[in-house]
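S.K.: Here is the input, now give the coordinates:
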Amino acid sequence: MKVAYKLAALLSIGSLIALSASAKSASETYLDTCHKDPSIPVPISVVAPKVESGYAGQTVNVEFTVDTAGTPIALVVKTQTDAQLSQAVVAAVKQWKFTPAHRGGEAVATRVTLPIHITATDSFAAYAAN
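M.R.: Numbers count the residues shown, from 1 in each chain. Here you go, the predicted structure:
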């Protein structure tokens, strides 16, 4: 559970820094600013959920395992929300890629809970800002 909170905190900080940077695209800056602690998975490729504007401001908590290859598997939506939003968020997170967590120099599968906050529906700003 501690790993999930670390991941959520790191993603939150990364998204704030990304929004303030202008030299790079938001996605490049967001991913470059993530703290790369070997004990937690770090996103290296993020895909925005495609949702309608009515979902802006909502948060969907998704629990999943980042396997040893960095692929999110066994996704479960932990927040009560409508099916359309849940499906859009799960479809997007399934496309994410991570640097897997490492222990003792070996990649390990890690279970995480990630709050996905829908911030906007236009261009890249629609990706989950945490």
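
S.K.: The chain: strands as residue ranges?
M.R.: 42-45, 59-66, 72-77, 97-99, 101-103, 106-108, 110-117 (DSSP state E).

S.K.: how about those strands, which one is nearest residue 52?
M.R.: Closest to residue 52 of the strands of the chain is strand 59-66 (Cβ to Cβ; 14.0 Å). (Glycine included, C-beta is placed from N, CA and C.)

S.K.: ok, residues contacting the closest one?
M.R.: 4, 41, 72-79, 81, 85-86, 89-90, 93, 98, 100-101, 109-118 (Cβ atoms under 8 Å, 6 or more residues apart in numbering).

S.K.: which of those residues count as buried?
M.R.: Buried members of those, scored by 16 or more other Cβ atoms under 10 Å, are 4, 41, 72, 75, 77, 81, 85-86, 89-90, 93, 98, 100-101, 110, 112-118.

S.K.: And the average pLDDT for stretch 50-67 is what?
M.R.: For stretch 50-67, the mean pLDDT works out to 93.

S.K.: now the end-to-end length of that stretch.
M.R.: 25 Å (Cα to Cα, to the nearest Å).

S.K.: And that stretch, what's buried?
M.R.: 51, 55, 58, 60, 61, 62, 64, 65, 66, 67.
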